[in-house]
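Engineer: could you look at this predicted model? Sequence included:
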Amino acid sequence: MQTSSNKKQLVIGNWKMNGSSAENASLLLSLLPVISRFESVEVALCPPYPYLTTVADLLDDSDVALGAQNLSAQLSGAHTGEVSASMLHDIGCRFVLVGHSERRALYAEDDDLVAKKFATALRAGLIPVLCVGETLAQRQSGETEVVVTNQLNAVLKAVGIQDLVKGVIAYEPVWAIGTGETATPEQAQAVHRHIRQYLADQDRAAAADCRILYGGSVKADNAEQLFNQPDIDGGLIGGASLDAMSFAAICWAAQTGPITDSIAI
């Protein structure tokens, strides 16, 4: 059976721990006039915490959404150095990254904590972007689908399928993040297809509606091939999002790529 859904592709720029007030303003001054012309792609930017409010002001007259790179699983209280979901919502964030591979690898965030953060984000009215993906060793040992499924299962158990698909899923092979290596379009599509089939096993309509992004050294010169894959609904962009023209070119590739998914179940 074929299931299809019409939706805009989504491109999210993750600035990571980069930028300054002057650099951010310069970047957006160059970027916003260009991407404002792209009507069939949704764009979001995730600056570091200290710049969220100033970037929000710069985005105020645009359709570009604001996102955060992380959040606390706790609602409030004595958690020095943490930032709550309600605070992010209060300053205008629409999206928040959850379980980015750097958080998992460098800060020991496990599947259970990621699932709690996902649920906390939803309760505050944010759209969590759940990052999943395998290391090089896991890919080489044939564990990619098992690893990704386990990461998805933790969130499914915490919130259920209907809430899981209220978020966005981003497949980011850890071995392709910041390394210059990129999964081939066929490799990326195979994992995206697995994720969508996993969702379809729970609810076919949910599988069609959920946006699944690819993240992992997406650049202007490979974005079109990646976004042309039937189960890839856009990208989570790291380094290239810090260059206005490169990021605009990636958004253009999403704008001109397919905006429908078709899956065989």
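Structural biologist: Looks like it came in fine. Everything numeric in this text was worked out from a predicted model, so none of it was measured.

Engineer: shouldn't L59 be in contact with L66?
Structural biologist: Yes: if you go by Cβ atoms under 8 Å, L59 and L66 touch, sitting 6.0 Å apart. All C-beta atoms are positioned from the backbone trio N, CA, C, and that covers glycine.

Engineer: overlap in contacts, the two.
Structural biologist: Between them, L59 and L66 share these contacting residues under Cβ atoms under 8 Å, 6 or more residues apart in numbering: L45.

Engineer: out of those two, which sits in the more crowded spot?
Structural biologist: L66 (22 against 19; other Cβ atoms under 10 Å).

Engineer: secondary structure element holding that one?
Structural biologist: Assigned by DSSP states H and E, L66 falls within strand 65-68.

Engineer: and the average pLDDT for that strand is what?
Structural biologist: Strand 65-68 shows a mean pLDDT of 98.

Engineer: what do you get for stretch 161-176?
Structural biologist: Mean pLDDT, stretch 161-176: 94.

Engineer: quick one: end-to-end length of it, please.
Structural biologist: Length of stretch 161-176, first residue to last, Cα to Cα, to the nearest Å: 28 Å.

Engineer: so in terms of bridging, what pairs with V96?
Structural biologist: Beta-bridge pairing for V96 (DSSP bridges): A68, P128.

Engineer: tell me how many other residues crowd A253.
Structural biologist: Close neighbours of A253, defined as other Cβ under 10 Å, add up to 25.

Engineer: what's near enough to touch V83?
Structural biologist: Per Cβ under 8 Å, 6+ apart, neighbours of V83: Y49, A68, N70, L71, S72.

Engineer: got a pLDDT number for it?
Structural biologist: We have a pLDDT of 98 for V83.

Engineer: please report how far it lies from A249.
Structural biologist: 32 Å (Cβ to Cβ, to the nearest Å).

Engineer: low-scoring pLDDT stretches of the stretch 151-265 of the chain, where are they?
Structural biologist: Applying pLDDT under 70 to the stretch 151-265 of the chain flags residues 178, 256-265.

Engineer: let's go with 90 and repeat that
Structural biologist: By pLDDT under 90, the low-scoring segments of the stretch 151-265 of the chain are 174-183, 206, 216-217, 255-265.

Engineer: same check, this time on the stretch 1-150 of the chain
Structural biologist: Looking at the stretch 1-150 of the chain by pLDDT under 90, you get 1-7, 37, 39, 136-137.

Engineer: all strands of the stretch 51-200 of the chain, in order?
Structural biologist: Per DSSP state E, counting those that start in this stretch, the stretch 51-200 of the chain carries strands over the ranges 65-68, 95-98, 127-132, 168-171.

Engineer: hmm, who's touching the first one?
Structural biologist: Spelled out, that is strand 65-68. Contact with strand 65-68 is made by 12, 42-46, 49, 52, 55-56, 59, 83, 88, 91-97, 129, as judged by Cβ under 8 Å, 6+ apart.

Engineer: give the buried subset of those residues as a PyMOL selection command.
Structural biologist: Restricted to buried positions by 16 or more other Cβ atoms under 10 Å, the PyMOL selection for those reads:
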select buried, resi 12+42+43+44+45+46+52+55+56+59+83+88+93+94+95+96+97+129
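
Engineer: V41 and K7 touch, don't they?
Structural biologist: No: applying Cβ under 8 Å, one finds V41 not in contact with K7, separated by 10.7 Å.

Engineer: these two: which is more packed in?
Structural biologist: Each of V41 and K7 has its neighbours counted (other Cβ under 10 Å); V41 has more, 22 against 15.

Engineer: phi first, then psi, for the more buried one.
Structural biologist: Main-chain dihedrals, V41, degrees, to the nearest 10: phi -130, psi 140.

Engineer: go on, W15?
Structural biologist: According to degrees, to the nearest 10, W15 has phi -80, psi -10.

Engineer: setting aside sequence neighbours, what's the nearest residue to it?
Structural biologist: P47 (4.9 Å; Cβ to Cβ, 6 or more residues apart in numbering).

Engineer: how about G67?
Structural biologist: Using Cβ to Cβ, 6+ apart, the nearest residue to G67 is F95, at 3.4 Å.
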